[in-house]
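Trainee: Kindly return the folded structure for what I paste below:
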Amino acid sequence: MAIRVLVVDDSAFMRKAISMMLEEDRAIQVIGTARDGLDAIEKVKELKPDMMTLDVEMPRMDGITALKQIMAENPLPVLMVSSLTAEGARATIDALAAGAVDFIPKHLSYVSMDITKIKDELIAKVKAIAGAKPKMAILPLSNKMAAPQKPGIPKVAQLNAQVVVLGISTGGPFSLQRVIPSLSEDFPLPITIVQHMPPVFTKSLAERLDSISRLEVCEAADGMELTNGKVFIAPGGLHLKFHREEEKILLATTKLPSDSLHRPSVDVMFSSAFDIFGGKVLAIVMTGMGRDGLEGAKLIKSAGGRVLAQSEDTCVVYGMPKAIVDANIADAVVPLEEMAFAITTAVSMAAVSK
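Mentor: Modelled structure (predicted):
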């Protein structure tokens, strides 16, 4: 049965362009369009689509306001269509916090040559998230309470780690906002994150996480020192690597390798962590499409490091963690709400041994 999609955008051109792109795939059927948030709310009730693409900026009612009402009344997987601006990025992060599953960026110029560049990614994401469980909104920005400790997860042998590396993709912004704010201010190690996102969006994500977390969160920049108790998010469009300079470990951001499927790439960051730290690494692979992170995680595991994978029932898309589990290299499979506790438990020896 075809995936039934509602397309929401205030631009008639965009409604037509997105609909045409989606319907090039026989597995997708566009069952209707809406021109603003109010129209979208009514069409969701009337047509009961499997999922929806949703523009952010629209007259009468914007996408985020409509999204919040839809998630409260008729929740369904939502893919945001976002402009490549700082304002668009911030709004997109807000939408992902309000329950949207993922987003796809669009160019500001409504030129078919530009917009059709997103076709393959659009179709792939619609197929991947169509069956995703709609997520509830995250905790308010002012709430910095740690998640309750849940010792029911499989025990992971404690590791004298020197760094935590985390790879995540589709569903990442929502999931990270359940994990990073739940880590305590005395967390003993640096954390580096690759989230598949374009430039500008990673900066907005870092700012959001920093505002709701006890730990300092920033977008990584070339030459930054890797310091304990700080979270570094790889910038969109650049890989994140590590290099040693005398007694310090510095971060490097680079476009090389240029042939990787993703930039930033989880595999590139994991492999670099293996080169610098050997087995003194805790690697975490969370929700996302594909297999990015598998090869790097194998290296870390072979050197004695630990690998955690997010559980299938708490992933938006069970792709990247599934690759880890299927390869039999996961030390534990951890539900989203217990991930912060699992991370803290796995590295607690690091604090004792320093």
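Trainee: what about this structure, any weak spots by pLDDT?
Mentor: 107-117, 133-158, 349-354 (pLDDT under 70).
Trainee: how does it look with 50?
Mentor: Scanning the chain for pLDDT under 50 picks out 108-111, 137-148, 349-354.
Trainee: how is it carved up into domains?
Mentor: Taking automatic domain parsing as the domain assignment, the ranges for the chain are 3-129, 163-353.
Trainee: would you turn the ones you listed into TSV with mean neighbour count?
Mentor: (Each C-beta comes from the backbone N, C-alpha and C, glycine too.) Listed next are the domains of the chain as TSV, based on neighbours: other C-beta atoms under 10 Å:
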stretch	mean neighbour count
domain 3-129	19
domain 163-353	21
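Trainee: Grab the nearest non-local neighbour of the residue nearest the centre of the chain.
Mentor: Closest to where the C-alpha atoms of the chain average out (C-alpha atoms, centre = their mean) is Gly172, at 1.9 Å. With C-beta to C-beta, 6 or more residues apart in numbering as the criterion, Gly172 has its nearest non-adjacent residue at 4.6 Å, and that residue is Gln195.
Trainee: Phi, psi for the one you found please.
Mentor: Here is the backbone geometry of Gln195 (degrees, to the nearest 10): phi -120, psi 120.
Trainee: The residue lying closest to Leu84 once chain neighbours are set aside and Val217: what is the separation?
Mentor: Excluding its sequence neighbours, the residue lying closest to Leu84 (C-beta to C-beta, 6+ apart) is Pro105, at 5.0 Å. According to C-beta to C-beta, to the nearest Å, Pro105 stands 22 Å off from Val217.
Trainee: try Arg26
Mentor: 43 Å.
Trainee: just Leu54 next, same as before
Mentor: 27 Å.
Trainee: And Ser204, by the same measure?
Mentor: As judged by C-beta to C-beta, Ser204 and Val217 stand 12 Å apart.
Trainee: Tell me where the stretch 151-300 of the chain has strands.
Mentor: With DSSP state E, counting those that start in this stretch as the criterion, the stretch 151-300 of the chain has strands at 163-168, 191-195, 216-219, 230-233, 239-245, 248-254, 281-285.
Trainee: Show me what the fourth one is packed up against.
Mentor: Based on contacts counted as 3 or more C-beta pairs under 8 Å, 6 or more residues apart in numbering; DSSP states H and E, the elements that strand 230-233 packs against are strand 191-195, helix 201-212, strand 216-219.
Trainee: Could you give the bridge partners of the residue nearest to Leu84?
Mentor: Note on Pro105: beta-bridge partners Ser82, judged by DSSP bridges.
Trainee: State the distance from it to Thr253.
Mentor: 20 Å.
Trainee: Arg26 now?
Mentor: Per C-beta to C-beta, Arg26 is found 41 Å from Thr253.
Trainee: same thing with Ala221?
Mentor: 7 Å.
Trainee: Pull up the overlap in contacts between the two.
Mentor: Here Ala221 and Thr253 share the contacting residues Pro235, scored by C-beta atoms under 8 Å, 6 or more residues apart in numbering.
Trainee: From Gln310, how far off is Met339?
Mentor: Counting by C-beta to C-beta, the gap from Met339 to Gln310 is 7 Å.
Trainee: shared neighbours of those two, anything?
Mentor: Common contact partners of Met339 and Gln310 (C-beta under 8 Å, 6+ apart): 284, 286.
Trainee: Let me see the ranges of the helices in the protein.
Mentor: Counting by DSSP state H, the chain has helices at residues 12-22, 37-47, 63-73, 86-97, 112-115, 119-129, 172-179, 201-212, 266-277, 294-302, 320-326, 339-346, 348-353.
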